[in-house]
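Engineer: Show me how the following folds:
(4 chains)
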Protein chains: 4
Amino acid sequence: MIRTKEDYIQSLKDQGHVVYYNGKRVEDITVHPAFIPHINCAAKTYELALDPQYEDLMTATSHLTGKKINRFTHIHQSVEDLIKKVQMLRLLSHETGSCYQRCVGFDALNAVYMTTYDIDQKHGTGYHQRFQEFLKFIQEENLMLVGGMTDVKGDRSLPPSKQPDPDVFVHIKERRDDGIVIRGAKAHMTGGVNSHWVLLMPTQSMREGDEDFAVSCAVPLNAKGVIQIFGAQTNEARKGSIDIGNINFGLVGGESLMIFEDVFVPWSHVFMAGEIDFAGLLVERFATMHRQNYGGCKGGVSDVLVGASSLAAEYAGVEKASHIKEKLAEMMHLTETVYSGSVACSAMGAKTPSGAFYPDPLLANCTKHNITRHIYEIARLAHDVAGGIIATMPTEADLKSSEVGQYITKYLGCKDGVCTEDRIRILRLIENMTGGTALAESMHGAGSPQSQKVMYGRLGKLEMKKKLAKRIAGVES
Amino acid sequence: MIRTKEDYIQSLKDQGHVVYYNGKRVEDITVHPAFIPHINCAAKTYELALDPQYEDLMTATSHLTGKKINRFTHIHQSVEDLIKKVQMLRLLSHETGSCYQRCVGFDALNAVYMTTYDIDQKHGTGYHQRFQEFLKFIQEENLMLVGGMTDVKGDRSLPPSKQPDPDVFVHIKERRDDGIVIRGAKAHMTGGVNSHWVLLMPTQSMREGDEDFAVSCAVPLNAKGVIQIFGAQTNEARKGSIDIGNINFGLVGGESLMIFEDVFVPWSHVFMAGEIDFAGLLVERFATMHRQNYGGCKGGVSDVLVGASSLAAEYAGVEKASHIKEKLAEMMHLTETVYSGSVACSAMGAKTPSGAFYPDPLLANCTKHNITRHIYEIARLAHDVAGGIIATMPTEADLKSSEVGQYITKYLGCKDGVCTEDRIRILRLIENMTGGTALAESMHGAGSPQSQKVMYGRLGKLEMKKKLAKRIAGVES
Amino acid sequence: MIRTKEDYIQSLKDQGHVVYYNGKRVEDITVHPAFIPHINCAAKTYELALDPQYEDLMTATSHLTGKKINRFTHIHQSVEDLIKKVQMLRLLSHETGSCYQRCVGFDALNAVYMTTYDIDQKHGTGYHQRFQEFLKFIQEENLMLVGGMTDVKGDRSLPPSKQPDPDVFVHIKERRDDGIVIRGAKAHMTGGVNSHWVLLMPTQSMREGDEDFAVSCAVPLNAKGVIQIFGAQTNEARKGSIDIGNINFGLVGGESLMIFEDVFVPWSHVFMAGEIDFAGLLVERFATMHRQNYGGCKGGVSDVLVGASSLAAEYAGVEKASHIKEKLAEMMHLTETVYSGSVACSAMGAKTPSGAFYPDPLLANCTKHNITRHIYEIARLAHDVAGGIIATMPTEADLKSSEVGQYITKYLGCKDGVCTEDRIRILRLIENMTGGTALAESMHGAGSPQSQKVMYGRLGKLEMKKKLAKRIAGVES
Amino acid sequence: MIRTKEDYIQSLKDQGHVVYYNGKRVEDITVHPAFIPHINCAAKTYELALDPQYEDLMTATSHLTGKKINRFTHIHQSVEDLIKKVQMLRLLSHETGSCYQRCVGFDALNAVYMTTYDIDQKHGTGYHQRFQEFLKFIQEENLMLVGGMTDVKGDRSLPPSKQPDPDVFVHIKERRDDGIVIRGAKAHMTGGVNSHWVLLMPTQSMREGDEDFAVSCAVPLNAKGVIQIFGAQTNEARKGSIDIGNINFGLVGGESLMIFEDVFVPWSHVFMAGEIDFAGLLVERFATMHRQNYGGCKGGVSDVLVGASSLAAEYAGVEKASHIKEKLAEMMHLTETVYSGSVACSAMGAKTPSGAFYPDPLLANCTKHNITRHIYEIARLAHDVAGGIIATMPTEADLKSSEVGQYITKYLGCKDGVCTEDRIRILRLIENMTGGTALAESMHGAGSPQSQKVMYGRLGKLEMKKKLAKRIAGVES
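Structural biologist: Residues are numbered from 1 along each chain as shown, chains lettered A, B, ... in the order given. Take a look at the predicted model:
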C-alpha cells in the first residue's frame, strides 16, 4: 500500500511503464526534470492525507470496508462528501498552485460505480459486483488512477463505426473467453504518466452499430501494449529554473497521448462491453463530477494568482492605487463566483440508485462553463496588475551572470527593501500561471464550452419556464 | 392572525396608514390600481403557505414557540433553513415573475435577532429578550414587516452627525422614560405601503458622536407621524391593461419614501439606542442576508423571462435558429450562475453566537455582485430574442379598437395558429420585465456594486493569499 | 419649401395624414402631447441648418442642382460627406439627447439612388432618371422622408411568396398602365407620423416567385389607403411632466405601424418593380448606410448620458470617488468606441458606379454590432453611478404637492446648494434615457445582431485569412 | 544606404553592438536562433518597400528632401499618411503574423519632430533644425530606430529626482561643452537588439527638480556604454522547430533591457535637455501615435489567428457547426472593432504647428484600450475553436521519431485527406500566438490600461457634457 510521497515515487520507478517525451523513451520519469513537478503535485495527495489537520478533507471511510482511505478513492456517500471534495481541491491548489491530477480517476471511479449498478439493473449483468472488487483493490493499495475518456475522434462529423480508421476510438478488437483485446488511443490523459492504472470509459453517446466502442475497463499502465507520449507544455524548457515560476510543481496537469496497441483486459476488469444504451449516461456522469471540481481547483489556483498579483503591485509601490485594488477585487470576485458553482452543485447533490451521491448536473455544468470565461479574465487582470515586465524580463541565467547580473539586480528591483530576485520569482509565477497551456486546460478540461451550452437545452426545463411565462402574461392557449 | 390573502387585504384596509401617490393621499390602497399588483405579490407569501405541496418551503417551526409559522417570520436554525429560503424565493418568483417584498423584513428580523444577542453580551443590555417578545408577536400574527435601512443620506461625503440637516439620517430626537422619539426618512422602502410594521436599522457604521443615529426599533406603519410617499415606476400608467405585461403582479417591489415626523416608540420596541460599535455589524448582517436572496428571487424571475423569450421566438417561427438557442442557453447559464451563488453562501452558512444561522458573507456578497451584471445581460439577451417589436408595438386600446384593431390582429400575428393577443401579451411581459425600474433594482438592492467590491478587500484574505504565492514561488522574505 | 421649424409644423398640420394612437384617430399631431417631443426633434434638423455655425455640417450642395440643400436630402459625393454625416448626427444628439428620425429617409434616398443606377445598367430600365427627378423634388421642398423597409414578415421560416397571407410583406397587388397598387404593412416606421413621404424598399433578398415583393416606390403619407398606428413607448404617459426626463424631445424616434390598404402609386414614383436580383443589394446598402449612423447618433446620446451621470454623482457629493471616475471613464470609452466605428467606415468609404459614396460595409456592420452591446453597458453604468433613487423617486406631482412637496424637497436634496428639483430632473433624464424602448432601439435598429453576425461570414474574407495562416505556419497543401 | 534584407542583415553584423541573452554575450545575432525570427520580421519592412504592389503603403516622399523614403522614416504630412500607416501595419502583420518592431522608432521620430518645433517656439532653442538634420540622415540611410521611452522607474510612488538611486530614470549625468553624458536604463526596448539607433525620450511628465531627467537624444546602439540584455519569451526554446508555430518570424517584438553606462552624446544628437514643461507633451504625443497603431498591427495579427482557427476547425471536420461559425464571426468582429479605432483616430487627425499630422488623441487612446481587452478575448475564442489538443500535443521530435512518430501521424490526423503535420503546424501557430508574451504585449504596449483610462478624464470634455445634460433636462443653475 502506498502511504507516503516516497512510497509513491518508488511505485512509479517500479512499474516500468512506457513513456516517451520529445521523441525519446524515458526510462525513469521520477528523475527526469520534465516529470518531477507533476509527480510532486500528485504526491501532495498522499502527503496531505497524512497530516492530521487535513484528515477530515483528505481521507474518508470506505463504505465497502469501513477502513480509512484516501478521499481520492472514495465513493461519495453524502452531500457532505461532495462539498468536502470541493474543499479538498481548493486546499490542494493552495499547496501546489497547480493541478494534482488525481481527480480524473476519482471521478471515473464514481461514474463507473453508479453506472455499472444501473446497467446491471436493466440488463442483468454483473458489472457492479466486479467493479466493487476492483474498487476495494484501489482503495486498499491507495493507487493513482487516470480516467480515460477522450478519444482522438478522427473526423468529428462521423460516428465511431463509420470512421475510415476505427482506431480513432478505443474499441474492443476481439472478445475472448478470458477477456477482451482493446485498441485505440486516448488523448489528454492528465497525470497519465505518473498514474498506476487507467479506467477507460467511452467518449460519447453510442448508437446501434457502435457496440464495440461502448467499452469501459481498467488497465494497469504497465500492461503490454500501453504506450504514452507526453505532451509539450508552455515553457517546458524552463523547468528546473526560477524562470518557470512555480519552482516545485507543474503548471498544468501534464497530459499524455495514451496508445493501446491490442491490449488484453481480463473480464474481471471489464465494466461495460457493448451496452450502448449506457454510454451516454456514463459520459454525462463523469462530465458532471469532473465539472463539479473546477471551482475548487481553479478557484484555489486563482487564489495563488491573486496573492502573486498583489505582491507584484506591492513590490512596485502601487498597491494602494485604487485601480489596483479594484482589479484585485475583481479577480477575487470571479474566483468566488466559480467556487460558488462547485459548492452549489454539491449542496444540491442527490443520491443515485447505487447509493452514491451525485452533484446537480445543471449547476455543475454552469460551474465549468464559467471557468471557460473567468479564468481567462483573471489571467488578463493579473497581466494588467503585474505590468509589462512579465513579458520582457531576462532569465535566471542573466540574473546570475557575472557580466550582467549586476544590471538586473539594479534595474529590476523596485522599492527599497525589495529583493530583485524575489520580485522576479513572483513575476515569473504570474507569467507562467497565465500562459498558454494553463488557460487552454480551463477551456477544454471536462468538456469544451459547447458541450456545456447544449446541456442547458437538455436540462434547462424550457417547457416549464414557458408555462410560467404564459400564466403570468395571461396566455391561455 | 393573518392566514389567507383575504385576511391580508382586510388587514391593510383596517390599518389606516398614510400613503401618498402622485401628489394625492390614497385612502384605500387595496382598491387602487397602482397598489393592487404589489398587494397580490405579497399575498402570495400567505397563499402558498397554505398549499400543502409548498408547506416544506413556505413554513417553518418557530424555535421560540414550537408552532408552525410562515417562513418569512422564521429565524434560520440550520444550513437547511438557509437553503430553503433560497428555494422558497425562486418558487415565489415563478408564481409572480416579480418581487413579493417580504424578504426585507425577514432579513431584518434575523439580523436584529443575531445582533441584539451580541450587544447584550458586550454591554449587558436586555435587547435580545425584548426582541424575542416582538418576534413572537410577529410570528403569531403573521404580520408583514418592511426592513428599514437606507437613509436618504444628504451629502454623502459627511457623517450623520456633521450633516447640516440631521434629519437626513433617522435618529433619536428625544429619549423619554417611556420610549424614544425618532425623526428622519428611509428611502426605497420595498413593500412599505402594504406592510404592517417597519423594523428600523442604522444605514452604515457609526463613529463617536453618531450615537443618536445608531438606532434600531420597530414601528407600526399606522403610528402617528409615519407618512409614506410611493415612488414612480416604469410604465406605471399601464397598470390594469395588458400593456403592463405582468397582468396581476407588480414588476418591481413597489418602493416608498417613508417619513418619520417625531414618531414615538416605546422602549419595548427599541433594539438599539446608541451602541455605535454594533451599527456596522448590524448593517453587514442585514446586507449579507439580503444579498443571499438575489440568486433565488432574481433567478426565478429570470426563469420566467427565459420562458417568455422562448415563446416569443416560437411565435415568430425562429425557435430553431441556432443563434436563438444559443441566446436562450446563455440566459439560462447566467440564471444558474446567480442561483449557484445563493445556494453556495447558504451551504457554507454557519451558526452565530445567538444560535441563528448566517450565510457565508463573502459568497453572499459575490452573489449580489453578479446580479448587478447578469440581470442586465439577461435583459439584453431577452431584447435580442424578442425582436424590435417590443419597442414599437401599439397598445391594448389599439388592439381592441373597432377602427384599427383588425390591422393589429392581422399584422402582428405571426405563424399560423398563433393568436395575436397572446403574442402581444408575451412581448409586453418581456418589455416590462426588462425595463428601467426592474433593472435598477438589481443594481442597487442590498447595496450598490461598490459596497460589494469593498467587501473583497475586507473578507478576501489577501495576506493569506500572498503567503501562498510566496511559498510556491520560493520567496522567503 | 420648408425652411423653419414653423414651416415644418405647419406642413404637418396641412397634410391630413391618418394617424391613430392608443385606439383613437389623432386629428392634429402637432398639438398632441404624445407627438410634440418627436416633432421637436425632427424640427431640429431644420433649425440647425439655418444656424451659420452649423452650416458646414447641416447643409450640402446638391450635385443635381448646385443649390444649397439640407444635408438630410443629399447624395454623398465624397468621403468627407460620409464623415460629415456622422459628425452632424453627433451634433444633433447633443442638442436633443434623442432620435431626430430623419436619417432613415436620408439613407433610403442614397440606397435607392445607387441601386436604381445599377438596375438600369443591367436591365436597361429607366429607374435612375425617374428617381433623380423625385430626389430633386425632395431637395427643393426640403421634405422629410421615412425609409420603409421592415415588413411584419409573418412566419419567418417562410419566404414572401409562401406566406399564408401575402400581405405580411408589402407587395404589388396590381400593375396598371398608370402605376401600381400596393398592399401590406411596414413596421417600426421611425418618424413616420411626422414625415411627409415614405420611400419603400424590400425587406430582404428575394428569389424567383417573389417578384411582386421586390418593390421600391415613394408614397406621400396622406395618400389614400395609408394608415399609421403609433406605438407605445416606455413611460409614454409621463410626457409633458418633468417625470419624462427629456422635457422637450422624444426619448426615442417614435415608431408607427404603417399600413397600405391598396395604395395607388404612379409609375413616376416606382423605382423597382420585380427586379428580384437587386432586392438583396438594396437592402444591404440601406442597412450599411443606416449602420454607419449609430456611432454618431448613439455616441452623441451617450455623451448626454455621461454628462447627466456626472451631475448625479456631483449632486450626491460622490464625484471624486475613484470608482465613480472609473465608471464615467468606462462610459466615455464605450462611447468613443462606437463613434470610432462610424468614423472608420466613413473614412474607408468608396465611390459606387452611380457616383455616390458608400461607407465600408464590414466596418459599418461592426459599428452597429457594437451598439447592440455597448449602449446597454453604458446604460448599466449610468444606473450604477446614479444610484437606486432613479428607481424609487416620487413624481413631479408629489414634488409640487402642498401636502408632501416639503418632504420631497427636504429629503431628496443632497449637498448644500443643490436644488432638489434640479437633481430630480437629472435623475429622471438618466432613468428615461436608459429605459426599455431606448435600449431596444439600439438592439434592433438597422438590423438585429444576428443580421450583423452573418455579414462577417460574407464579408470577412475567411479564405484569404486561411491562406495567410498557412503561409506563416509553413503549410503547403 | 540599406535597401534589401541582405543589406539590413549585413548592417547588423557590422555594427558590433553589445547584446546578452540568457547570461551570455551574443557575438553575432544574425546567426543566433533566438534573434533570427525577429530580424526576419524587421527585414520585411525593407523587403516589402521594394515590392511595387506595396509601394504606395510602404514608401513615402520626404518632405525634407523630396526623395522616396521608407514610410517608417517619414513625418506624416496628411490624414492620408496617417491612414496609410495603419494600412501598412495591417499588411505587415499579414506577412509576418507578428511584430516588426519598427513603428516604435517611427512614432518617436514623429513625436520628437513635433515637439522640438514647439520647444523652440517657446524657448528659442534650436532643437528642431538639429532634429531635421538627424532625420535626413535616418531617411537617407534607411536606418532602423528604436524609440526609448519606458524607464525602469524604481519605486513608482516617487518622482525621478526623489528616487534613492537616480539611475532608475535615464538622466543627464554630466553636461559638457561638446555634449552630454547619460546614465540609466530603458525597459521593454522592442526591436532594440536589431536596431541601429535609439531615440530616447522621457518616460513621464516632469516637475521642477527633474530637469536632468527631461532628456531626449539619439544614440547609435554601438556607442560605448550601451548594453542590451534580451528578454525571455514564451516558449523561447522552441525557436527553430515547428513547435514554435510561426516558423520564420518572432511571435512578439523581442524586447531588451537597454543600459546606458555613462554614454556620451554630442549636442548634435540632443533634442531636449531640461525642458521639463515639454516632457509630458512629448510622452503624450509618442503615446498617441503608438496607440494609433494597435488596431492595424494587432488587427492584422488577429486576421492570421482567425484564419488559423478556421483551418483548425476545418481539419477536425467541425467547420460547419453553428457555434464555430459564431465564434469565428465574433473574432472577426473584435478585430474590425480595433481596426476601426486606428482608422478613426487617423481620419480625425489634424495638423500640428510643426506641420506634421497627428491622430486624434482621444480616439487613439480608445483604440489601444480596446486592444487590452479584445486581443485577450480573441485568444480565448481561438482556444475554444482549436480544441484542447493545443495544450497537450507532443513535439516535432515525437512526430519525427522512428519509434512513436507513426502514432502521432495516425492519431493526431483528423479528416481524411488532412496531413497530420499540417494540422500540427496550424495548432502550434494558434498555441503560440495566444500565449503569454504575445498577450502581455497587448496589455502594456503603448501604456498600461490605467494610463488610457485617465486620459478620458482629461480629454473627455466632461464639463461640456454636463452642460448638454442640463439643457436637455431643463436645469438652469
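Engineer: Can the lengthiest helix in chain A be said to contact chain C?
Structural biologist: Longest helix in chain A, counting residues (DSSP state H): helix A:279-316. No: on the criterion CB under 8 Å from any CB of the partner chain, helix A:279-316 is out of touch with chain C, staying 15.4 Å away. The way it works is simple: take the backbone N, C-alpha and C, and place the C-beta from them, glycine included.
Engineer: buried set for whichever helix or strand comes after that helix?
Structural biologist: Scanning forward in sequence from helix A:279-316 by DSSP states H and E, the next helix or strand is helix A:322-347. Judged by neighbour count (16 or more other CB atoms under 10 Å in any protein chain shown), helix A:322-347 contains these buried residues: A:323-347.
Engineer: coming back round to it: hey, what's the angle from the longest helix of chain A to helix A:322-347? Just curious.
Structural biologist: 150 degrees (axes from the mean of the first three to the mean of the last three CA atoms, to 10 degrees).
Engineer: Tell me where the stretch 101-250 of chain A has strands.
Structural biologist: A:145-148, A:171-175, A:179-190, A:197-200, A:215-220, A:226-230 (DSSP state E, counting those that start in this stretch).
Engineer: in the second one, what's buried?
Structural biologist: Spelled out, that is strand A:171-175. By 16+ other CB under 10 Å, the buried positions in strand A:171-175 come out as A:171-173.
Engineer: Please render the strands of the stretch 101-250 of chain A as JSON lines that adds mean pLDDT and distance to chain D to the earlier fields.
Structural biologist: As requested, the strands of the stretch 101-250 of chain A are arranged in JSON lines below (pLDDT from 0 to 100; distance: least, CB to the nearest CB, whole Å):
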{"stretch": "strand A:145-148", "mean pLDDT": "97", "distance to chain D": "13"}
{"stretch": "strand A:171-175", "mean pLDDT": "98", "distance to chain D": "14"}
{"stretch": "strand A:179-190", "mean pLDDT": "97", "distance to chain D": "5"}
{"stretch": "strand A:197-200", "mean pLDDT": "98", "distance to chain D": "15"}
{"stretch": "strand A:215-220", "mean pLDDT": "98", "distance to chain D": "17"}
{"stretch": "strand A:226-230", "mean pLDDT": "98", "distance to chain D": "5"}
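Engineer: surely A:Met58 meets A:Glu47?
Structural biologist: No: counting by CB atoms under 8 Å, A:Met58 stays clear of A:Glu47, with 9.2 Å between them.
Engineer: Out of the two, name the residue with the larger neighbour count.
Structural biologist: Taking other CB atoms under 10 Å in any protein chain shown, A:Met58 and A:Glu47 do not tie; A:Met58 has more neighbours (22 against 17).
Engineer: measure the residue lying closest to that one once chain neighbours are set aside to A:Gly253 for me?
Structural biologist: If the residues on either side of it in the chain are set aside, A:Met58 comes closest to A:Ala49, at 4.1 Å by CB to CB, 6 or more residues apart in numbering or on different chains. The gap separating A:Ala49 from A:Gly253 is 19 Å, by CB to CB, to the nearest Å.
Engineer: the more surrounded of these two?
Structural biologist: Legend: neighbour count by other CB under 10 Å for A:Ala49 and A:Gly253, higher for A:Gly253 (31 against 22).
Engineer: quick one: the more buried one is in a strand?
Structural biologist: No: in this structure, A:Gly253 is coil, not part of a strand, as judged by DSSP: H, G, I helix; E, B strand; the rest coil.
Engineer: show me what contacts it?
Structural biologist: By CB atoms under 8 Å, 6 or more residues apart in numbering or on different chains, the residues touching A:Gly253 are A:38, A:98-99, A:101, A:190-191, A:441.
Engineer: In contact with A:Leu459, which residues?
Structural biologist: A:361-362, A:365.
Engineer: quick check, nearest of these to chain C?
Structural biologist: Closest to chain C out of the contacts of A:Leu459 is A:Asn365 (24.9 Å), distances taken as CB to the nearest CB.
Engineer: pretty sure that closest one contacts A:Glu284?
Structural biologist: No: counting by CB under 8 Å, A:Asn365 does not reach A:Glu284; the two are 9.7 Å apart.
Engineer: Please identify which of these two sits among more neighbours.
Structural biologist: Comparing A:Asn365 with A:Glu284 by neighbour count (other CB under 10 Å), the higher total belongs to A:Asn365, at 31 against 19.
Engineer: a helix runs through that one, doesn't it?
Structural biologist: Yes: A:Asn365: assigned to a helix according to three-state DSSP.
Engineer: filter the contacts of A:Leu459 down to the ones near chain B?
Structural biologist: A:362, A:365.
Engineer: Now for the closest residue to chain D within the stretch 101-250 of chain A: which residues touch it?
Structural biologist: Residue of the stretch 101-250 of chain A nearest chain D, by CB to the nearest CB: A:Ala237 (3.4 Å). If you count contacts by CB under 8 Å, 6+ apart, A:Ala237 has them with D:235-238.
Engineer: Could you rerun that using 6 Å?
Structural biologist: A:Ala237 sits next to D:Ala237 when contact means CB atoms under 6 Å, 6 or more residues apart in numbering or on different chains.
Engineer: Now do A:Glu476, the pLDDT please.
Structural biologist: pLDDT, A:Glu476: 89.
Engineer: quick one: secondary structure of it?
Structural biologist: Going by three-state DSSP: A:Glu476 is coil.
Engineer: Report how many residues lie close to it.
Structural biologist: A:Glu476 has 10 neighbours, counted by other CB under 10 Å.
Engineer: same check, this time on A:Glu133
Structural biologist: A:Glu133: 11 neighbours (other CB under 10 Å).
Engineer: Excluding chain neighbours, what is closest to it?
Structural biologist: For A:Glu133, the closest residue by CB to CB, 6+ apart turns out to be A:Ser268, at 7.2 Å.
Engineer: gap between that neighbour and A:Gly105?
Structural biologist: Distance from A:Ser268 to A:Gly105, by CB to CB: 18 Å.
Engineer: Have a look at those two and say which one is more surrounded.
Structural biologist: Between A:Ser268 and A:Gly105, counting by other CB under 10 Å, A:Gly105 is the more crowded of the two (26 against 14).
Engineer: tell me the pLDDT at that one?
Structural biologist: 98.
Engineer: Now tabulate the strands of the stretch 101-250 of chain A in CSV and tack on distance to chain B.
Structural biologist: Output for the strands of the stretch 101-250 of chain A, formatted as CSV (distance: least, CB to the nearest CB, whole Å):
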stretch, distance to chain B
strand A:145-148, 24
strand A:171-175, 32
strand A:179-190, 20
strand A:197-200, 29
strand A:215-220, 30
strand A:226-230, 23
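Engineer: Of these, which is nearest D:Ile390?
Structural biologist: strand A:179-190 (10.8 Å; CB to CB).
Engineer: which other residues reach the closest one?
Structural biologist: A:101, A:104, A:146, A:148, A:150, A:152, A:167, A:169-174, A:253, A:255-260, A:262-267, A:270, D:388, D:392, D:411.
Engineer: so how far is that strand from its chain's centroid?
Structural biologist: 18 Å (CA atoms, centre = their mean, to the nearest Å).
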